[in-house]
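here is a sequence together with a model predicted from it:
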Amino acid sequence: MSQDHDFDLGIVFNHVADYLFVVRAVGERYRCLAVNDAILRLTGYRREDFVGRFVDEIEPVPASMRFARHYTEALERGSPVRFEDSLDTPAGAFVVEITVTPFEGADGGRYVLGVGRNISARRRAEQALRESNERLTETLESISDGFYVLDEHGRFTYVNESAERELGRSREELLGRSAPELYPESEHTDVYARYARAMATGQPVEFETYWPPRDTWYAIRAFSGRHGLSVYFRDVGEQRRMEEQLRQAAKMEAVGRLAGGVAHDFNNLLSSVQGHAELALARLPADGDAARHVEEVLAASERAADLVRRLMTFSRHQVLDI
């Protein structure tokens, strides 16, 4: 069963949102046979500015001549050709993407159908994205922190200059390869488990870890994204060494203060012992056994007093050094 449909192709032609036109090859030139309403709205020209005229007579002529080269290419290849070009018309300047398709008419003539669209907004968005990426890259290259991006398989896809310096390898050595592959001695650290958790949960992780390949400590912040992991890191090895020195110094200060307190108390007791021993010695016969024992007590107390003085000196030095 069949059913006839009576409709005007011209109506369809003019209601298509894309820009449609048809040209016919006349020798080495091309005559425009039809343009749809969308082209008129785009360019601000009238239909008579196109239809019936040779392409090299249609404004803007430089663009029309460029178009003609693509018509020739399509006819020679016998297949569609896609290209982009910029136009400056009464309605404004814009960029168009056009596909021209060759075909043979019922009269045996060689024709080209053109289908185009305005891609100016897309090109502006792409340019804005490029500029944004350039600004972001400039920022990442200027920061002092190391920064790199890992894909979902843990391979480096971007490293900034600081990361190259800290990791001890160039971009060419790092990109496309994983850290365990490049640094096998780091495989038993907790770094990769933390990265895996960040990617699995989508939550950022922040931690400090010892990195054997560089024999230092790093503070790391990792953020999960659609395409992997973004990692900021900085060397905190010197900071940790200074903190450890401060802790040790605080311990020595505490020991010094304790030693000073003990020495002070012991010195008071020792002074009492010495004083009583001297009084006892003064009342004893000089040649008696008791006197000799008291003299031994006094000699021992002198040695003890010297020890107390050294403890006091140690205590003062520790406090002053802090």
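It's in. Numbering: from 1, shown residues only.

tell me which element residue 156 is part of?
For residue 156, the host element (DSSP states H and E) is strand 156-159.

ok, residues contacting that strand?
Contacts to strand 156-159, defined as Cβ atoms under 8 Å, 6 or more residues apart in numbering, come from residues 140, 146-151, 167, 171, 174-179, 227-228. (C-beta placed from N, C-alpha, C; glycine too.)

just the strands from the chain, written as ranges.
19-26, 29-35, 81-89, 92-104, 110-118, 146-150, 156-159, 205-211, 216-225, 228-235 (DSSP state E).

make TSV out of these and add distance to residue 48 and mean neighbour count.
Output for the strands of the chain, formatted as TSV (distance: least, Cβ to Cβ, whole Å; neighbours: other Cβ atoms under 10 Å):
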stretch	distance to residue 48	mean neighbour count
strand 19-26	14	19
strand 29-35	10	19
strand 81-89	15	15
strand 92-104	21	16
strand 110-118	19	19
strand 146-150	57	21
strand 156-159	55	20
strand 205-211	69	16
strand 216-225	55	17
strand 228-235	58	20
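
make CSV from those and add mean pLDDT to it.
As requested, the strands of the chain are exported to CSV (pLDDT from 0 to 100):
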stretch, mean pLDDT
strand 19-26, 95
strand 29-35, 95
strand 81-89, 93
strand 92-104, 94
strand 110-118, 95
strand 146-150, 93
strand 156-159, 93
strand 205-211, 89
strand 216-225, 90
strand 228-235, 92
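
residue 46 is nearest to which of the ones you listed?
The closest of the strands of the chain to residue 46 is strand 29-35. By Cβ to Cβ, the value is 10.0 Å.

elements contacting that closest one?
strand 19-26, helix 61-77 (3 or more Cβ pairs under 8 Å, 6 or more residues apart in numbering; DSSP states H and E).

would you turn those into a markdown table with distance to residue 282?
Below are the helices and strands packed on strand 29-35 laid out as a markdown table (distance: least, Cβ to Cβ, whole Å):
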| stretch | distance to residue 282 |
| --- | --- |
| strand 19-26 | 127 |
| helix 61-77 | 126 |
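
next one: residue 14 from residue 127, what distance?
In this view, residue 14 and residue 127 are 33 Å apart by Cβ to Cβ, to the nearest Å.

of the two, who's got more company?
In this view residue 14 and residue 127 are compared by other Cβ atoms under 10 Å, and residue 14 has more residues nearby, 16 against 10.

which residues touch the more buried one?
Contacts of residue 14 by Cβ under 8 Å, 6+ apart are 36-38.

what do you get for residue 297?
273, 277.

for residue 304, see how far away it is.
For residue 297, the distance to residue 304 - Cβ to Cβ - is 10 Å.

and if you look at residue 62?
Distance from residue 62 to residue 304, by Cβ to Cβ: 108 Å.

ditto for residue 242
39 Å.

more neighbours, these two?
Taking other Cβ under 10 Å, residue 242 and residue 304 do not tie; residue 304 has more neighbours (16 against 11).

quick one: low-confidence residue ranges for the stretch 201-322 of the chain.
Along the stretch 201-322 of the chain, the parts satisfying pLDDT under 70 run over 243-244, 249-250, 252-256, 258-261, 263, 270, 281, 294, 311-312, 314-322.

can you give me the helices for it?
237-283, 289-321 (DSSP state H, counting those that start in this stretch).

what does stretch 24-32 contact?
21-23, 33, 50-56, 58, 68, 71, 75, 105, 109-112.

now with 6 Å?
23, 33, 50-51, 53-55, 68, 71, 109-111 (Cβ atoms under 6 Å, 6 or more residues apart in numbering).

adding distance to residue 221, write the residues you listed out as a markdown table.
Shown next, in a markdown table, are the contacts of stretch 24-32 (distance: Cβ to Cβ, whole Å):
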| residue | distance to residue 221 |
| --- | --- |
| 23 | 60 |
| 33 | 64 |
| 50 | 60 |
| 51 | 65 |
| 53 | 65 |
| 54 | 65 |
| 55 | 60 |
| 68 | 58 |
| 71 | 57 |
| 109 | 68 |
| 110 | 64 |
| 111 | 63 |
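
just give me the closest of those to residue 119.
Nearest member of the contacts of stretch 24-32 to residue 119, counting by Cβ to Cβ, is residue 71, at 19.9 Å.

the closest one: neighbour count?
21.

re the thing from before, mind exporting the strand holding residue 156 as CSV, just the C-alpha atoms?
C-alpha atoms of strand 156-159 as CSV (Å, rounded to 0.1, in the frame of the first residue of the first chain):
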residue,chain,number,x,y,z
PHE,A,156,50.9,11.1,36.4
THR,A,157,49.0,13.3,33.9
TYR,A,158,50.4,16.7,35.1
VAL,A,159,53.3,17.9,37.3
